[in-house]
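Q: Quick one: sequence plus predicted model below, questions after.
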Amino acid sequence: MFDTLSDRLQAVFKQLRGKGRLTDKDVDEALRQVRIALLEADVNFKVVKDFLGRVRVRAVGANVLESLTPAQAVIKIVHEELIATLGEPSKLNLAASPAVIMLVGLQGSGKTTTAAKLARVLNGSSHRPLLVAADTRRPAAIDQLVTLGKQLDVPVHSEGDRTSPPDICRNAVKRARDAAYDVVILDTAGRLHIDDDLMQELEQVKRKAQPQEVLLVADAMTGQDAVRVAEEFHKRIGLTGLILTKVDGDARGGAALSIRAVAGVPIKYLAVGEKTDALEAFYPDRLASRILGMGDVLSLIEKAQATFDQKQAEALQEKLTKATFDLEDFRDQLRQVKKMGPLSQVLEMLPGFSSVARRPELDDSVTDKQLKRVEAIINSMTPEERHNPQLIDGRRKRRIAAGSGTTPQEINQLLNQFQSMRKMMKQMAAQGARGSVPGIPGMAGLPPGVH
């Protein structure tokens, strides 16, 4: 979502680093470039003005301009002020039993899918969620939620489209209380535009269900329209937070940077893909670091811990130490990395890799094909060849190529990369370096050409 903004800001800071000592003029020019980058990213102009005002006051101080690393000091200030603009991290209020979460938003913003994603997150953290199909104006929404509930093994309360949504929600809360479900997620109706009928219905739902959370599901692709929608819903319904969807698309990021300051309610989650596992808790400091190309190692570690088995990681570490890591282990690592999501998203979380993540050859569809090709090559080997790659001569390479639909040259490339990687990982293990990402030493799953 922030690719263009991130590239522009990094270019500005690169120029600053090359200057050594900074003058007021240098800072002014850098801030002018930052202003242009933010406005092009569709950030609200008032938010841009306030943000740059705060940065300038701090950046032109003597302690910055006369420091040994003034450029780094300015970048630190921009990072801190970005965090302040994005707001404080905010958790869901789940104190009540059951806790009721009401999702609102315009039609097409992704409410129904987001309800399922939220149920999956809560289900995985020892909660018992109940999904509620309260969008009776779009019959397909009821069927969609029921289908998603079955996939996730989460119950769905549905009364068809004959009962009024406020009554459906009230009945669902009663069912949750009787059956000991501790979280109720209400999927309410939306419109292509905000109208009085929609708002009145939502006000009735809120009165009857008494939700602890009223979350606006807003499409990040709509830019400043998302901010205006948030203001209107907050005025009429009273929001407690927001979930931004489609942030993995080509949205310019203005909504995420503006919505907290303008609407006055915190962002709680970001939907980073279409699958039900593509919902991330919103951490302002982590997002600010990603925007400035500093990476987001904490989120990467959390992804890894959710994907990798601890025993597998320890067994792998032992293999690295003893230099017995083979192509079979390499293939297993590939599969684990694929579970973490698109490789471009994983690389963006590594400090210094944000530009690598946006290379044309790392387009998610291309990368997926590359990973499948590597896996096909390894699968076409015999167990003996996987354990002892040095056995693979010209004749064996031709056989493996025929079996995997590749060429001997591609097999050579994979084997050379594997040997280089194994050597590097052996050195890391010898030095006691366990790496910052459990189970992914050296990012073993990167396809040829990415390192």
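A: Sure thing, it's come through. Numbering: from 1, shown residues only.
Q: Tell me the spacing between residue 390 and residue 338.
A: 27 Å (Cβ to Cβ, to the nearest Å). No exception for glycine: its C-beta is placed from N, CA and C like everyone else's.
Q: and residue 398, what pLDDT?
A: According to the prediction, residue 398 has pLDDT 93.
Q: Around it, how many other residues sit close by?
A: Residue 398 has 13 neighbouring residues, counting by other Cβ atoms under 10 Å.
Q: My guess is it contacts residue 406. True?
A: No - counting by Cβ atoms under 8 Å, residue 406 is not a contact partner of residue 398; they are 10.8 Å apart.
Q: follow-up on the earlier one: looking at residue 390 and residue 338, which one has more neighbours?
A: residue 338 (18 against 8).
Q: does that one sit in a helix, a strand or a coil?
A: Of the three states, residue 338 takes helix under DSSP: H, G, I helix; E, B strand; the rest coil.
Q: hey, where'd the strands end up in this protein?
A: Counting by DSSP state E, the chain has strands at residues 99-104, 129-134, 156-157, 183-188, 213-219, 241-245, 267-271, 279-281.
Q: Turn these into a markdown table, columns for mean pLDDT.
A: A markdown table is the format used below for the strands of the chain (pLDDT from 0 to 100):
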| stretch | mean pLDDT |
| --- | --- |
| strand 99-104 | 96 |
| strand 129-134 | 96 |
| strand 156-157 | 96 |
| strand 183-188 | 96 |
| strand 213-219 | 92 |
| strand 241-245 | 91 |
| strand 267-271 | 91 |
| strand 279-281 | 89 |
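Q: and of those, who's closest to residue 232?
A: Checking the strands of the chain against residue 232 by Cβ to Cβ gives strand 213-219 as the closest, at 9.7 Å.
Q: In the stretch 1-150 of the chain, where is pLDDT below threshold?
A: In the predicted model of the stretch 1-150 of the chain, residues 1-3, 18-20, 62-68 satisfy pLDDT under 70.
Q: Could you rerun that using 80?
A: 1-8, 10, 13-23, 60-72, 139 (pLDDT under 80).
Q: same check, this time on the stretch 151-300 of the chain
A: Ranges of the stretch 151-300 of the chain meeting pLDDT under 80: 192-194, 221-225, 247-257, 287, 289-300.
Q: can you pull out the helices in it?
A: For the stretch 151-300 of the chain, the helices defined by DSSP state H, counting those that start in this stretch cover 165-179, 196-209, 224-236, 254-263, 284-291, 297-307.
Q: right, so these: which one is the most enclosed?
A: helix 254-263 (a mean of 25; mean count of other Cβ atoms under 10 Å).
Q: ok so, going back, among the helices of the stretch 151-300 of the chain, which is nearest residue 74?
A: Nearest to residue 74, of all these, is helix 284-291, at 14.5 Å by Cβ to Cβ.
Q: So what's the gap between the closest one and the chain middle?
A: 11 Å (Cα atoms, centre = their mean, to the nearest Å).
Q: Isn't residue 281 up against residue 267?
A: No - at 9.9 Å, residue 281 does not count as touching residue 267 under the criterion of Cβ under 8 Å.
Q: Find residues that contact each of these two.
A: Contact with both residue 281 and residue 267 is made by no residue, according to Cβ atoms under 8 Å, 6 or more residues apart in numbering.
Q: Who has more neighbours out of the two?
A: Set residue 281 next to residue 267 and count neighbours by other Cβ under 10 Å: residue 267 wins out with 27 against 16.
Q: If we ignore the residues flanking it in sequence, what's nearest the more buried one?
A: Once flanking residues are discounted, residue 267 sits nearest to residue 282: 4.5 Å by Cβ to Cβ, 6 or more residues apart in numbering.
Q: domain assignment for this structure?
A: 3-86, 99-291, 297-443 (automatic domain parsing).
Q: out of those, which comes closest to residue 93?
A: domain 99-291 (4.6 Å).
Q: Straight-line length of that closest one, end to end?
A: Using Cα to Cα, to the nearest Å, one end of domain 99-291 lies 34 Å from the other.
Q: quick check, distance from it to the centre of its chain.
A: That offset, for domain 99-291, works out to 17 Å (Cα atoms, centre = their mean).
Q: related to what we said a few turns ago, deepest of the domains of the chain, which one?
A: Mean neighbour counts were compared across the domains of the chain using mean count of other Cβ under 10 Å; the top stretch is domain 99-291, at a mean of 20.
Q: hmm, back to that, in a markdown table, list the strands of the chain along with distance to residue 371.
A: Shown next, in a markdown table, are those (distance: least, Cβ to Cβ, whole Å):
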| stretch | distance to residue 371 |
| --- | --- |
| strand 99-104 | 35 |
| strand 129-134 | 33 |
| strand 156-157 | 35 |
| strand 183-188 | 34 |
| strand 213-219 | 30 |
| strand 241-245 | 27 |
| strand 267-271 | 24 |
| strand 279-281 | 22 |
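Q: Spit out the contact partners of residue 118.
A: Applying Cβ under 8 Å, 6+ apart, the residues near residue 118 are 101, 103, 129, 185, 243, 269, 279.
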